[in-house]
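Chemist: Following is a predicted model, sequence given first.
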Amino acid sequence: MKDFYLEILHVDKNCGARYGILHTPHGDVEVPMFMPVGTLATVKTLSPEEVKSLGAGVILSNTYHLHLRPGEDIVAKAGGLHKFMNYDGPILTDSGGFQVFSLAENRKISEEGVVFKSHLNGDRMLFSPETVMDIEEKLGADIIMAFDECIPYPVDEKYVKNSVERTLRWAKRCKEAHKREGQALFGIVQGGEYEEHRKHCAEELAKMDFPGYSIGGTSIGEPKDVFSKMVDYSVKYLPPEKPRYLMGVGSLDFIFEGIEKGVDMFDCVLPTRIARHGALMTSKGRVNIRDAKYKEDFTPLDDECDCYTCKNYTKAYLRHLYVADETFGKRLLSMHNIRFLIHMMEEARKAIKEDRFLEFKEEMLAKYGSKKGF
RNA sequence: GGAGGAAUAGCGAAGUGGCCAAACGCGGCUGACUGUAAAUCAGUUCCUUCGGGUUCGGUAGUUCAAAUCUACCUUCCUCCA
């Protein structure tokens, strides 16, 4: 696919971190990058222009949720997701594989696919590699995910083995079913914490020759050392020239861990979700803006931050908006958290180009306090 | 002037003899959130040196035991003159 490829421009001499440009039908974006999540065709509370102004390239959306509401046919009629949501940058749709995990009580897995009971009205519907490809083609994102099973952690090895084999068969079916031009279909590496299964999964996917590969099944409650292994065991066996996407990772220390190992793309609901709940990522560590100590704090949320929120508003005001449950507060806080992560990515890219990513990582984690949870 | 009714933790409001330091809601305080069923969820909210102490308008009683029963007082509400 000539309009989608990763151009690797530099690999850090001291680790696996790499800098490059991902070419997509809706524009070029630099990697490593963080992609804000807009599950329902909107990054909650923000306009596409705002998301773009924060430095975001790719926006994520979700097959399961858009299938339920408004339905892929309506999106297609609207002219596709880009037009529908008025975003002309690259869009990535997740396949619903994560919902196999997050909505586990409402679904049943079989070889054919997954029957979900809609969380909205109880409708039963089959998500199979074929139906998911059909939906994702109609949505029309630039990057689409194969339908996989995101398995929980911890889970016994036998389950992992069976699930990986099935995810691989599904990946093959996705590849065969996917026909639309101008869409990059990514295969997803699963395998839990087991090197044997991650390796097998990555190698088999590589044989199928996807334009990019995702690493799934992480950041679901496993300890950091386990997370690290999961990423290692996956990246190691993936073709270096293809983009690597570590799914659902949004805390700074986990992202840096991924970059160091050679991951290019990250997405996470974390910055936007915790922002709506009053938690902020700042250069002083984590801030809960609701806390009483900010009642009369007329300084910016983060004096090192260049975002609209930090340039124009005080903690006392942001706290007031939060406490008063004003929507504007959630918007300002969401902007800040997204900008914080994207700014970190910009700095990380600079560091990689200068072969000092490892120092940069240590410096940032010491400063931002990786123990504080982001 | 007369007749009823009501007073419970910051607020609202249950409780009408022991299982009551007192349900629940709000407000306050705090924490969590990782391919979004999340503008959500959880904890905490009389004092304490964690042994205990002091509470349910006030005072005095009844009782082994009172927020709960009795008497009086105070305040408030409604109705009648």
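Modeler: Great, that's in hand.
Chemist: Mind jotting down where the strands sit in the stretch 201-350 of chain A?
Modeler: A:212-215, A:244-246, A:265-268, A:279-282, A:285-288 (DSSP state E, counting those that start in this stretch).
Chemist: Spell out which residues sit in contact with the residue nearest the centre of chain A, please.
Modeler: The centre of chain A sits closest to A:D267, judged by CA atoms, centre = their mean, with a distance of 1.8 Å. Going by CB atoms under 8 Å, 6 or more residues apart in numbering, A:D267 touches A:F34, A:M35, A:P36, A:V37, A:V58, A:L60, A:L92, A:Y245, A:M247, A:G248, A:V249, A:G250. (Glycine included, C-beta is placed from N, CA and C.)
Chemist: pretty sure A:I289 contacts A:L318?
Modeler: Yes: with contact defined as CB atoms under 8 Å, A:I289 and A:L318 form a contacting pair (5.2 Å).
Chemist: Touching both of those two, which residues are there?
Modeler: Counting by CB under 8 Å, 6+ apart, the residues touching both A:I289 and A:L318 are A:L301, A:L333.
Chemist: Secondary structure element for A:M125, which one?
Modeler: Under the criterion of DSSP states H and E, A:M125 resides in strand A:124-127.
Chemist: Just the buried positions in that strand, please.
Modeler: A:F127 (16 or more other CB atoms under 10 Å).
Chemist: try stretch A:45-56
Modeler: In stretch A:45-56, counting by 16+ other CB under 10 Å, buried: A:T45, A:L46, A:P48, A:E50, A:V51, A:L54, A:G55, A:A56.
Chemist: ditto for stretch A:194-208
Modeler: Neighbour-count burial for stretch A:194-208 [16+ other CB under 10 Å]: A:Y194, A:E195, A:H197, A:R198, A:K199, A:H200, A:C201, A:A202, A:E204, A:L205, A:A206, A:M208.
Chemist: so for that stretch, what's the average pLDDT?
Modeler: Averaged across stretch A:194-208, pLDDT comes to 98.
Chemist: And for stretch A:228-241?
Modeler: pLDDT averaged over stretch A:228-241 gives 97.
Chemist: and that stretch, anywhere near RNA strand B?
Modeler: No: applying CB under 7 Å from any atom of the strand, one finds stretch A:228-241 out of contact with RNA strand B, separated by at least 11.2 Å.
Chemist: Quick check: end-to-end length of that stretch?
Modeler: 21 Å (CA to CA, to the nearest Å).
Chemist: from the middle of its chain, how far away would it be?
Modeler: 17 Å (CA atoms, centre = their mean, to the nearest Å).
Chemist: Mind listing what's buried along it?
Modeler: A:S228, A:K229, A:M230, A:V231, A:D232, A:Y233, A:S234, A:V235, A:Y237, A:L238.
Chemist: Considering these, which is situated nearest to RNA strand B?
Modeler: Closest approach to RNA strand B among the buried residues of stretch A:228-241 (CB to the nearest atom of the strand): A:M230, at 11.2 Å.
Chemist: Could you find the closest non-adjacent residue to the residue of the stretch 201-350 of chain A at minimum distance from RNA strand B?
Modeler: Using CB to the nearest atom of the strand, the single residue of the stretch 201-350 of chain A nearest to RNA strand B is A:G248, 2.5 Å away. Of all residues not flanking A:G248 in the chain, A:S219 sits nearest, at 4.9 Å (CB to CB, 6 or more residues apart in numbering).
Chemist: contacting residues around that neighbour?
Modeler: Counted by CB under 8 Å, 6+ apart, A:S219 has contacts A:F227, A:G248, A:V249, A:G250, A:S251, A:F254, A:C268.
Chemist: CSV please, covering these and showing neighbour count.
Modeler: Putting these into CSV (neighbours: other CB atoms under 10 Å) gives the following:
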residue, neighbour count
A:F227, 23
A:G248, 24
A:V249, 24
A:G250, 23
A:S251, 21
A:F254, 23
A:C268, 22
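Chemist: Sitting in helices, which of those residues do you find?
Modeler: A:F227, A:F254 (DSSP state H).
Chemist: now the closest residue to A:V115 other than its chain neighbours: how far from A:Q190?
Modeler: Nearest residue to A:V115, sequence neighbours excluded (CB to CB, 6+ apart): A:K108, at 4.9 Å. A:K108 sits 19 Å away from A:Q190, going by CB to CB, to the nearest Å.
Chemist: which one of those two has more residues nearby?
Modeler: Between A:K108 and A:Q190, counted using other CB atoms under 10 Å, A:Q190 has the larger neighbour count: 28 against 12.
Chemist: list the contacts for that one?
Modeler: Counted by CB under 8 Å, 6+ apart, A:Q190 has contacts A:148-151, A:160, A:163-164, A:167, A:197-198, A:201, A:216-217.
Chemist: Fine by me, thanks again.
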